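Undergrad: what would the 3D arrangement of this be:
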Amino acid sequence: MTQPIAPVEQTTQPPTKTENTPFPRITITYCTQCKWMLRAAYFAQELLSTFGTTLGEVSLRPATGGLFTVTIVPDTSTEETLLWDRKRDGGFPEVKQLKALVRNIVDPTRNLGHVDRALNKEKKEKEDVTTVEGKEPAKPESGAELQQVADATAAAQTSEQVNPPRKSQEVCEDCQ
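TA: Below is the predicted model:
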């Protein structure tokens, strides 16, 4: 017969007080009815892999009603700062946007490498588009050019009537 094995002693660490954690705490609230848990977990993973031990906590908070928000408590205070709201900001953030928002609060001097380069490139492209759009378009001079402009406008209006724009998904079907 074999000898009984002594039970393994379990050592428990005292629970950490998240209220007094000097590091920022991020909460991602997601709608369970919309099945956004995987998206929320992905954002949490990206933030943890980027910021590592400079974050005190990244938590996932289930909710209903089409909610998807990202909030941060930057220090030992209890005041949350809303970083992203799907309804307010029009959809979900790109990971690089979310990382930049967190970085601006956690460590504004931190370089995010390729994320910063991508954001700067997008910013420059938007400025270029704004500059081009800021110029007054050339006015059609001949009757044929005027007719082309009128035809294009009519075609666009007809297209909108046949294929109306889809409603914004502020609330999912399950949450209504």
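
Undergrad: so residue 73 touches residue 23, yeah?
TA: No. At 9.8 Å, residue 73 does not count as touching residue 23 under the criterion of Cβ atoms under 8 Å. Glycine gets a C-beta too; all of them are placed from N, C-alpha and C.

Undergrad: okay, those two: which has more neighbours?
TA: A direct count of neighbours by other Cβ atoms under 10 Å for residue 73 and residue 23 places residue 73 higher, at 21 against 16.

Undergrad: what sits against the more buried one?
TA: Going by Cβ atoms under 8 Å, 6 or more residues apart in numbering, residue 73 touches 24-25, 27, 79-81.

Undergrad: go again using 7 Å as the cut-off
TA: 24-25, 79-80 (Cβ atoms under 7 Å, 6 or more residues apart in numbering).

Undergrad: which parts of this protein are strands?
TA: 25-31, 57-63, 68-73, 81-85 (DSSP state E).

Undergrad: quick one, the third one and strand 25-31 angle?
TA: If you take axes from the mean of the first three to the mean of the last three Cα atoms, to 10 degrees, strand 68-73 sits at 160 degrees to strand 25-31.

Undergrad: in this structure residue 74 contacts residue 24, no?
TA: Yes. The pair residue 74 / residue 24 is scored as a contact, 4.9 Å apart, by Cβ atoms under 7 Å.

Undergrad: now for these two: what residues contact both?
TA: Contact criterion Cβ under 7 Å, 6+ apart; residues shared by residue 74 and residue 24: residue 105.

Undergrad: of these two, who's got more company?
TA: Higher neighbour count among residue 74 and residue 24: residue 24, with 20 against 15, using other Cβ under 10 Å.

Undergrad: how about that one, what does it touch?
TA: Taking Cβ under 7 Å, 6+ apart as the test, what residue 24 contacts is 55-56, 72-74, 105-106.

Undergrad: now residue 105
TA: Per Cβ under 7 Å, 6+ apart, neighbours of residue 105: 24, 72, 74, 81.

Undergrad: distance to residue 114 added to the strands of the chain, as TSV?
TA: Shown next, in TSV, are these (distance: least, Cβ to Cβ, whole Å):
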stretch	distance to residue 114
strand 25-31	21
strand 57-63	21
strand 68-73	21
strand 81-85	21
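
Undergrad: burial of residue 47, as a residue count?
TA: Neighbour tally, residue 47, other Cβ under 10 Å: 22.

Undergrad: do the same with residue 48
TA: 14.

Undergrad: wait, doesn't it sit right on residue 60?
TA: No. Applying Cβ under 7 Å, one finds residue 48 not in contact with residue 60, separated by 11.7 Å.

Undergrad: mean pLDDT added to the strands of the chain, as CSV?
TA: Formatted as CSV, the strands of the chain follow (pLDDT from 0 to 100):
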stretch, mean pLDDT
strand 25-31, 96
strand 57-63, 96
strand 68-73, 96
strand 81-85, 95
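
Undergrad: okay then, goodbye and thanks.
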